[in-house]
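[1] sharing a model prediction with you, sequence too.
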Amino acid sequence: MSTQHGDPGHGDSPAAWTAVIVMLLGIAVATTAFFLQQVWLVWVSVGVVVVGALLGAILAKAGYGVNGPKYNPKPHD
């Protein structure tokens with residue numbers, strides 16, 4: 001499928017993948033910490049989720065987003 005007609009690529013970029021992986025790790029740790037009643041670790045994990053979102057935005061602004069100059073899209077079969 002081509003990226004013509006304004007298709008943004010569905011977030012398939014290093015910035016998006018990094019943000020999602022960091023946030024998923026934060027959510028997984030927060031869920032485990034909540035189950036184990038470790039309130040301080042839940043809040044640390046919430047911070048990790050926020051950092052993941054910020055990291056994605058920073059990487060996108062640095063050019064690693066879908067339309068960034070440092071992003072080299074791979075063709076999809």
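    Here it is on my side, so go on.

[2] how much space between the residue lying farthest from the centre of the chain and V48?
    Distance from the C-alpha centroid of the chain, by CA atoms, centre = their mean, peaks at Q37 (26.7 Å). For Q37, the distance to V48 (CB to CB, to the nearest Å) stands at 19 Å. Placement of C-beta: from N, CA and C, glycine included.

[3] cool, G56 as well?
    Distance, G56 to V48, using CB to CB: 13 Å.

[4] mind listing the shared neighbours of those two?
    V22 (CB atoms under 8 Å, 6 or more residues apart in numbering).

[5] which residues are contacting stretch 21-41?
    So stretch 21-41 is contacted by 42, 44-49, 51-53, 55-56 (CB under 8 Å, 6+ apart).

[6] helices along the protein, start to end?
    Using DSSP state H, the helices of the chain run over 14-35, 39-59.

[7] what mean pLDDT does the shortest one get?
    Translated: helix 39-59. The predicted model assigns helix 39-59 a mean pLDDT of 96.

[8] buried sites along it?
    42, 45, 48-49, 52, 55-56, 59 (16 or more other CB atoms under 10 Å).

[9] how far does it sit from the chain's center?
    Taking CA atoms, centre = their mean, to the nearest Å, the mean C-alpha location of helix 39-59 is offset from the chain mean by 10 Å.

[10] equivalent analysis for stretch 19-30, please.
    That offset, for stretch 19-30, works out to 9 Å (CA atoms, centre = their mean).

[11] got the buried residues for that stretch?
    Under 16+ other CB under 10 Å, the buried positions of stretch 19-30 are 19, 22-23, 26, 29-30.
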